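1. Following is a predicted model, sequence given first.
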Amino acid sequence: MDIGQSGRAAAASLSPYAAPLRGGHLRRLSIALLIALALYVAGRSAAQAAYDPAPGVQPGTIVISTSQRRLYLVGYGGAEVSYPVAVGKPGKQWYGWARVDGKYVEPAWSPPAEVKRDNPRLPAVIPGGSPRNPMGVRALTLDRDEIAIHGTNRPDSIGTFASYGCIRMHNRDIVDLFERVRVGTPVLVTR
């Protein structure tokens, strides 16, 4: 038996998993690893962000890019974290500065007059924790009329133009942001 034959014989005597990867096996393994990596990256709630804030935007500021449908929490040297968000529908968007004026856990929700006018069947109040409550698990109210950054029980709306001006986040993301900011945090909404 020559060396080449002994190597093949030894490989054949081991489990089939010890056989060298060839052609299709290697390709399937590569594809499986790429899918696993993509799922891992997609599942992260707060991705590090490549964001260069405008001059004058201080660390600790929340910046919401309406066109990107992203919320950035600015750190020293750029964005600390970035989250996908839903923003206002066309005609319901707003731009400029605001401040966080309240932090609420499992908030109840009363539809603003404009929402109630468009959806008259809505109840006057939807209790916190209800699956029908559009505020999700946390809310950061802003010092603008009836506007908040909040979770949602409609995660499929994230990444779209969906609200009456509020900023919607995945519930896991609003919980993360809620722990990072305080009342008084500046908020800048850009186009």
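-> Received it, and whenever you're ready, just let me know what you need. Not measured: the values here are computed from a predicted model.

2. Let's see the distance spanning stretch 148-156 from one end to the other.
-> 19 Å (CA to CA, to the nearest Å).

3. List the buried residues in that stretch.
-> Neighbour-count burial for stretch 148-156 flags 148-152 (criterion: 16 or more other CB atoms under 10 Å). Every C-beta, even on glycine, is put in place using the N, C-alpha and C of the backbone.

4. Mind listing residues that contact that stretch?
-> 62, 64, 71, 85-86, 100, 107, 131-142, 158, 162, 166-171, 173-175, 177, 187 (CB atoms under 8 Å, 6 or more residues apart in numbering).

5. Mind giving me the PyMOL select for the residues you listed, buried ones only?
-> Here is the PyMOL command that selects the buried residues among the contacts of stretch 148-156 (16+ other CB under 10 Å):
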select buried, resi 62+64+71+85+86+100+107+133+134+135+136+137+138+139+140+141+142+158+162+166+167+168+169+170+171+173+174+175+177+187
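
6. mind listing which of the contacts of stretch 148-156 are in helices?
-> 171, 173-175, 177 (DSSP state H).

7. now stretch 83-94: mean pLDDT?
-> The average pLDDT for stretch 83-94 rounds to 96.

8. Show me what it is in contact with.
-> 45-47, 64, 66, 69-71, 144, 147, 149, 152, 157-170, 173, 176-177, 189.
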